[in-house]
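Student: Below are the sequence and a predicted model for it; my questions follow.
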Amino acid sequence: MGKGRSKHQGLPDPIEMYHPHLAKKRKVDDEDEKPSKRKRGDKKSKAAPVVPEKKNGKAVKQANGTKSKPTATLPTKKGAKESAPKPKANGKKAPPPPSDSDEGSDDDDMEWEDEDDEVPQGKLSAADFMGSSDDEGLDSNDEPNLDSDSENSVYDSGDDEARPIFSDDDLSGSDAEEQLTAANIAGLTRKLDLQIAQEAEEAEAEFQEQITTNIGTDEVKPFVIGAATSEEDAAKSLASLTPDLALLRTRINDVVRVLEDFSNLCEAGRSRTDYTDQIISDISAYYGYSPYLAEKLFHLFSPSEALSFFEANETPRPLVIRTNTLKTHRRDLAQVLINRGVTLEPIGKWSKVGLQVFESQVPLGATPEYLAGHYILQAASSFLPVMALAPQENERCLDMAAAPGGKTTYMAALMKNTGCIFANDANKNRAKGLIGNIHRLGVKNTIVCNYDAREFPKVIGGFDRVLLDAPCSGTGVIAKDASVKTNKTDKDFLKLPHLQKQLLLAAIDSVDHNSKTGGYIVYSTCSVTVEENEGVVEYALKKRPNVKLVDTGLTFGVEGFVSFRGKTFNEKMKMTRRYYPHKYNVDGFYVAKFRKVGPSPVGTTSAVPEDVEEVEQEIGAMDIDEEGNDKEKEKKEGPGAFDWSEDEEDKEMMEKSLRRYKRRKGIDPRADPSKAGTKAKKEEAPEEDKIQKPESKKPESKKPESKKPESKKLDDEGKGKEKPAKAKGDKKDKPAKSKGFVRVSKKA
Ligand SMILES: C[S@@+](CC[C@H](N)C(=O)[O-])C[C@H]1O[C@@H](n2cnc3c(N)ncnc32)[C@H](O)[C@@H]1O
């Protein structure tokens, strides 16, 4: 979507593409805060602002950022210097990004349409200012690996047919809107002149740089593999410890060229693997990734696209706020914020509630409007899962992993505070933040609970829609949390998918397939790895043939993988959507939408009843050697086999976990499985058989008689008058833990 950004920025910038002058202006600001090249573990990488405020009312930094580049040319490896093409002066230029799609946006004009035309409750009043101040900073943006929030409900996912999410209705053309736009333009034009001059200078510098290198001259074969380096030289180079960033960058560019035109450009006797190993090692050194993660991420893309991806992770994504339509309209909010010195724009036609902030004279996390809950700071990609879920008014929905509540509160806004949302999070502290946001944003249809979500639907089931925004490795939000570059290991990519699979099964089992309006499950992560996305979805499709993938309704996004490194997935996987920072200038994200078409297998009242920690212990106990290879798997598939948690492996882990769980509960694990912990056995029965059983036998919870808010069924202590812990149809089931619900708001 969107047009390409200026080549100096190196990345497409779809969100602000609607007004090229704004994008250009932003570039000028970027120059002011251009960071030096980040290296592995560099704290600078954490600089992405959550609330980009400065103290004492100083200007807020721009949300979108800076292009990092090597800061120093250090002593180079002698041999490598000889073998590599003449290095660029500072190696700062990224390769041109792949052109981005125009999906989902028309760039003509700003769209100031609000999500709905109803007058929201509550204009700003004294009471509005009483929002909990500890809400600030609880938005997902400040949570490493975690994202927040949501999007609007123009899309009705009541049927599988994809409808446009984004309305075509456009500008009203009112004077007020024109003034609004004019106010922004005035604020931006000043810097445009500066930028033009600066760009001219940069163009000249770039030209000079080009003519001193052979980059772009296809006739010259890059000589990039360090064979010419003698062992002695190599030792000397190692001793110097500090890599020559310019050299690395040059070699990365050269290897990309070779890999993309291998037959013409490869050196004699060098294999593709030699080049691939070289570039992964260089990327790891240059951008500061562990070699393990650099390799994992590199293989998701073509070489040049991979480079764009790594480069995009060096710059923060745009700062976006979501209008809380429970309290205000986007147009009104924009006007108020502009009056306060905020320069902003609608994020595009694909959302009627998002505003991209370019700069601000006030701290956005402490304005009266913020405190009154008129908006929430929320990454644009976090809108997407809620858009895909498209919760309807009066439905009963579950947000399984909800803290700090960006998506929950968006769901509530789409549902216009009707129906009921169960917002669950296993982490009590984070659940407090969730409650804070719910209060601040005036959400009144939500019940907060604190369970391990794998206990659903044993806690309660029969939902019209379930959102599982799963805990994940955060490989999509590296720009926000650079620690991901080095702190994720092979074990993380075993245990996280394992947890995600369990959670997804629980999500599916918690949905009422007979829902008149819904029957949908949305699975999302802020990770781009295949194990955490397509791998998890594939597992769920196999384990639960009573669900099918459906169109997300999202009009942009890259199709999910139907095959990856020798593994083939369900062909419907292309209906799932991937989002990348280099392509859409949003956090990396993944969204899959399922429709439940039949009851879940008998006995599936919880996916696996053990604690997260136990899963980690289980996985820790797996037969993994020091290099992280699963020895059993290697025996079967040979060394280096792609690492998939296959069904057998999962089953074994689940059974082990179940045995531990039973022991902990004082149940003999060898006792009659029909009395306790029947799941492991039942999982072994053919799924088809199980779903054919008459519905009377299945333990799916009954749908509530009417779609009354569930809160009515809870007493003031949050205990269910009608036990919320009842599993579908299983009257013996009790809440697995005494954590219970927290009633955070009474129905108005
Ligand atoms: C990606 S974050 C959720 C962000 C949230 N959806 C939002 O938009 O603000 C993942 C959440 O999952 C929670 N979590 C991790 N394991 C869980 C489990 N087993 N059950 C429920 N929640 C869990 C974490 O505490 C974390 O808050």
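Tutor: Yes, it's here.
Student: low-confidence ranges in the stretch 251-400 of the chain?
Tutor: Nowhere does the stretch 251-400 of the chain drop to pLDDT under 70.
Student: where along it do the helices fall?
Tutor: For the stretch 251-400 of the chain, helices defined by DSSP state H, counting those that start in this stretch occupy the ranges 262-265, 272-287, 291-298, 303-312, 330-339, 368-371, 383-389.
Student: Please name whichever of those helices is nearest to Lys407.
Tutor: Ranking the helices of the stretch 251-400 of the chain by their distance to Lys407 (criterion: Cβ to Cβ) puts helix 383-389 first, at 5.1 Å. Where C-beta positions appear, they are placed from N, C-alpha and C, glycine not excepted.
Student: hang on, the earlier thing: hey, which of the helices of the stretch 251-400 of the chain is tucked in deepest?
Tutor: With neighbours defined as mean count of other Cβ atoms under 10 Å, these peak in mean count at helix 383-389, which reaches a mean of 30.
Student: hmm, that one in reach of the ligand?
Tutor: No: Helix 383-389 does not reach the ligand (Cβ under 6 Å from any ligand atom); its nearest approach is 7.9 Å.
Student: did I read that right, Arg578 in a strand?
Tutor: Yes: applying DSSP: H, G, I helix; E, B strand; the rest coil, one finds Arg578 inside a strand.
Student: So what's the residue count around the nearest residue to it once chain neighbours are set aside?
Tutor: Spatial nearest neighbour of Arg578, chain neighbours left out: Val558 (4.3 Å); criterion: Cβ to Cβ, 6 or more residues apart in numbering. Neighbour count of Val558, defined by other Cβ atoms under 10 Å: 16.
Student: picking that back up, dump the helices of the stretch 251-400 of the chain to JSON lines, plus distance to Ser524.
Tutor: Output for these, formatted as JSON lines (distance: least, Cβ to Cβ, whole Å):
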{"stretch": "helix 262-265", "distance to Ser524": "36"}
{"stretch": "helix 272-287", "distance to Ser524": "26"}
{"stretch": "helix 291-298", "distance to Ser524": "19"}
{"stretch": "helix 303-312", "distance to Ser524": "19"}
{"stretch": "helix 330-339", "distance to Ser524": "24"}
{"stretch": "helix 368-371", "distance to Ser524": "25"}
{"stretch": "helix 383-389", "distance to Ser524": "4"}
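Student: picking that back up, correct me if wrong: the residue nearest to Arg578 contacts Lys583.
Tutor: Yes: at 6.7 Å, Val558 and Lys583 qualify as touching, with contact defined as Cβ atoms under 8 Å.
Student: if we can go back for a sec, quick one: which of the helices of the stretch 251-400 of the chain is nearest Cys449?
Tutor: Between these, helix 383-389 lies closest to Cys449; by Cβ to Cβ that is 18.5 Å.
Student: Please name every helix or strand in contact with the closest one.
Tutor: helix 406-414, strand 465-469, strand 520-525, strand 577-579, strand 589-596 (3 or more Cβ pairs under 8 Å, 6 or more residues apart in numbering; DSSP states H and E).
Student: From the ligand, how far off is the residue nearest to Arg578?
Tutor: Computed with Cβ to the nearest ligand atom, to the nearest Å, the distance linking Val558 and the ligand is 20 Å.
Student: Next: Thr276.
Tutor: 32 Å.
Student: got a list of what that residue touches?
Tutor: 259, 298 (Cβ atoms under 8 Å, 6 or more residues apart in numbering).
Student: What residues sit buried inside stretch 588-604?
Tutor: Judged by neighbour count (16 or more other Cβ atoms under 10 Å), stretch 588-604 contains these buried residues: 588-596, 598-604.
Student: Let me know the closest of those to the ligand.
Tutor: Phe589 (10.4 Å; Cβ to the nearest ligand atom).
Student: To His439, which of the helices of the stretch 251-400 of the chain lies closest?
Tutor: Of all the helices of the stretch 251-400 of the chain, helix 368-371 comes closest under Cβ to Cβ, at 11.2 Å.
Student: Leu541: what secondary structure?
Tutor: The three-state label given to Leu541 by three-state DSSP is helix.
Student: residues near it, how many?
Tutor: Leu541 has 20 nearby residues by other Cβ under 10 Å.
Student: And for the closest residue to it other than its chain neighbours, the neighbour number?
Tutor: Spatial nearest neighbour of Leu541, chain neighbours left out: Asn570 (5.3 Å); criterion: Cβ to Cβ, 6+ apart. Asn570: 17 surrounding residues under other Cβ under 10 Å.
Student: And for stretch 570-580, what's in contact with it?
Tutor: 309, 312, 381, 384, 388, 476, 528, 533-534, 537-538, 541, 548-552, 554, 556-562, 586-593.
Student: for stretch 532-543, same thing?
Tutor: 470, 472-473, 475, 493, 496-497, 500-501, 504-505, 508, 523, 525, 527, 547-549, 560-561, 564, 567, 569-570, 572-573, 576, 578, 590, 592, 594, 644-645, 647, 650, 683, 687.
Student: Recalculate using a threshold of 6 Å.
Tutor: By Cβ atoms under 6 Å, 6 or more residues apart in numbering, the surrounding residues in contact with stretch 532-543 are 472, 496-497, 500-501, 504-505, 525, 560-561, 569-570, 573, 590, 592.
Student: Drop anything exposed from the residues you listed.
Tutor: 472, 496-497, 500-501, 504-505, 525, 560-561, 569-570, 573, 590, 592.
Student: Would you mind writing the CA trace of stretch 382-393 as CSV?
Tutor: The C-alpha coordinates for stretch 382-393 follow below in CSV (Å, rounded to 0.1, in the frame of the first residue of the first chain):
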residue,chain,number,x,y,z
SER,A,382,-2.7,-4.0,16.5
PHE,A,383,-5.9,-2.7,14.9
LEU,A,384,-5.9,-5.5,12.5
PRO,A,385,-6.8,-8.5,14.6
VAL,A,386,-9.8,-6.7,16.0
MET,A,387,-10.9,-5.6,12.5
ALA,A,388,-10.7,-9.2,11.5
LEU,A,389,-12.7,-10.4,14.5
ALA,A,390,-15.3,-7.7,13.8
PRO,A,391,-17.3,-8.2,17.0
GLN,A,392,-20.9,-7.2,16.7
GLU,A,393,-23.2,-5.4,19.0
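Student: ok, and of the buried ones among the contacts of stretch 532-543, which contact the ligand?
Tutor: Contacts with the ligand within the buried ones among the contacts of stretch 532-543, counted by Cβ under 6 Å from any ligand atom: none were found.
Student: out of those, who's nearest the ligand?
Tutor: The closest of those to the ligand turns out to be Cys472 (Cβ to the nearest ligand atom; 6.4 Å).
Student: Now that closest one. Its backbone dihedrals?
Tutor: phi -150, psi -180 (degrees, to the nearest 10).
Student: measure it to Gln500 for me?
Tutor: 7 Å (Cβ to Cβ, to the nearest Å).
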